[in-house]
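Trainee: Take this sequence and fold it.
(chains A and B)
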Amino acid sequence: MSGFLKIAIRNLLKGPVTDPYPFGKTFIPEKLRGKLKVDASICTACGTCQEVCPSGAIYIKKENDVYVHTTWYNTCCFCGNCEFFCPTGAIKLTNDFHTANTKEEKFKFVTIAAISEKECPVCGNKFVPATLPLIEKSYPHINDEIKNLMKLCPECRKKAAFERLYQ
Amino acid sequence: MSIITRSPFLFRINTGSCNGCDVELATTAMIPRYDVERLGCRYTGSPKHADILLVTGPITARSKSYLVEVLDELPNPFVVVAVGTCPTSCGIFRDSYAIEGPLDKYVQVDVNVPGCPPRPQAIIDGVAKALEIWKQKIRNQK
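Mentor: Numbering: from 1, shown residues only, chains lettered A, B, ... in the order given. Predicted structure coming up:
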């Protein structure tokens, strides 16, 4: 009898178990796979995410000098492949789970990131430069020489690297 | 302005779902933690009583006839909620020979809740939106 009373009093003190959402706050796990967040300053528009996406939710299109990275959530299965395979770590899944949308919003329910091309200081061609997180993966020590080569377009970089060899 | 005196009934149909979304639906409805009945709606066993239809699954060729049957039996006005990525756009099952979806082909879908599966909180969000649309539809009808 005393055991029962203990449990009854404990339950009374604890309050209702019902989650107060949508009228109040709710518990969200930190590692929950929700909407994407693309860091346009790190992304190199390589297209790996578009390739590995099993449901074809990611689409990268070039418009003038800008690569537009579009993710449509109404076909995304939140598997996290894009985050896993992203070579630069630009894509991160947030724990934002609010996905309910009405029929008017169906095709507008996207996140868009714009990756702009940069101009080569030597020849003036436009290209998307490699970013620091990508270079950090390939080289153990990064000096100013590598950082200067990063700014050149692939053709000029080739020339500069060969010139360095024969000096 | 008229006051709606009746509460909506929910009906769910599984059209070849993997049961992930069904488990989440059962969680929203059956256990006290997420309790969808707080919003003033209840599950029903018959589509003839239903006001809000919840569809899970990518509509396989086998289950298509049952879905069409249910859609015929629904009383007007009704609201359709697509629960999960599958009925919304077929997701990863798109272009399969066994899939007759997405749900848009058969009926006007009012609320989409993508996710694989969506969180119970997201389903509650979707049902709340569906309730608003259902009230609007009844007002328009009168």
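Trainee: Check the nearest residue to B:G84 once chain neighbours are set aside and give its pLDDT.
Mentor: The shortest distance from B:G84 to any non-neighbouring residue, by Cβ to Cβ, 6 or more residues apart in numbering or on different chains, is to B:C21 (4.0 Å). Placement of C-beta: from N, CA and C, glycine included. Looking at B:C21, its pLDDT reads 92.
Trainee: Chain B contacts on chain A?
Mentor: Contact residues (Cβ under 8 Å from any Cβ of the partner chain) of chain A with chain B: A:16-19, A:21-22, A:26, A:32, A:54-56, A:73-79, A:97-103, A:106, A:109.
Trainee: Mind checking which of these are buried?
Mentor: Buried by 16 or more other Cβ atoms under 10 Å in any protein chain shown: A:19, A:21, A:55, A:73-79, A:97, A:99-102, A:106, A:109, out of the residues of chain A next to chain B.
Trainee: Just give me the residue right at the centre of chain A.
Mentor: With distances taken as Cα atoms, centre = their mean, the residue of chain A nearest its centroid is A:I91 (1.4 Å).
Trainee: mind checking how far that residue is from A:K137?
Mentor: 15 Å (Cβ to Cβ, to the nearest Å).
Trainee: Run through chain A and note the low-pLDDT ranges.
Mentor: Applying pLDDT under 70 to chain A flags no residue at all.
Trainee: and A:R10, how many neighbours does it have?
Mentor: A count of nearby residues for A:R10, using other Cβ atoms under 10 Å in any protein chain shown, gives 9.
Trainee: Could you do B:P118 as well?
Mentor: Neighbour count for B:P118, taken as other Cβ under 10 Å: 28.
Trainee: and it, what is it in contact with?
Mentor: Residues near B:P118 by Cβ atoms under 8 Å, 6 or more residues apart in numbering or on different chains: A:97, A:99-100, B:21, B:24, B:83-84, B:126.
Trainee: Write out the residues of chain B neighbouring chain A.
Mentor: Selection of chain B residues close to chain A by Cβ under 8 Å from any Cβ yields B:32-35, B:38, B:85, B:88-92, B:94, B:108-116, B:118-119, B:121-126, B:128-129, B:133.
Trainee: try 6 Å
Mentor: When proximity is defined as Cβ under 6 Å from any Cβ of the partner chain, chain B approaches chain A at B:32-35, B:85, B:88-89, B:91-92, B:109-116, B:118-119, B:121-122, B:124-126, B:128-129.
Trainee: Quick one, which of the residues you listed are buried?
Mentor: B:34-35, B:85, B:88-89, B:91-92, B:109-116, B:118-119, B:121-122, B:124-126, B:129.
Trainee: quick one: secondary structure of the nearest residue to A:P16 once chain neighbours are set aside?
Mentor: Nearest non-adjacent residue to A:P16, counting by Cβ to Cβ, 6+ apart: B:P32, 7.7 Å away. Using DSSP: H, G, I helix; E, B strand; the rest coil, the structure places B:P32 in coil.
Trainee: quick one on the thing from earlier: mind checking which of the residues of chain B next to chain A land in strands?
Mentor: If you go by DSSP state E, those have B:111-113 in strands.
Trainee: A:R33 contacts A:L93, doesn't it?
Mentor: Yes - between A:R33 and A:L93 there is a contact at 4.8 Å, judged by Cβ atoms under 6 Å.
Trainee: shared neighbours, these two?
Mentor: Common neighbours of A:R33 and A:L93, counting by Cβ atoms under 6 Å, 6 or more residues apart in numbering or on different chains, are A:G80.
Trainee: Residues contacting stretch B:79-93, please?
Mentor: Against stretch B:79-93 from outside (Cβ under 6 Å, 6+ apart): A:54-55, A:74-75, A:77, B:21, B:52-58, B:99, B:101-103, B:107, B:109-114, B:116-117, B:126, B:130, B:133-134.
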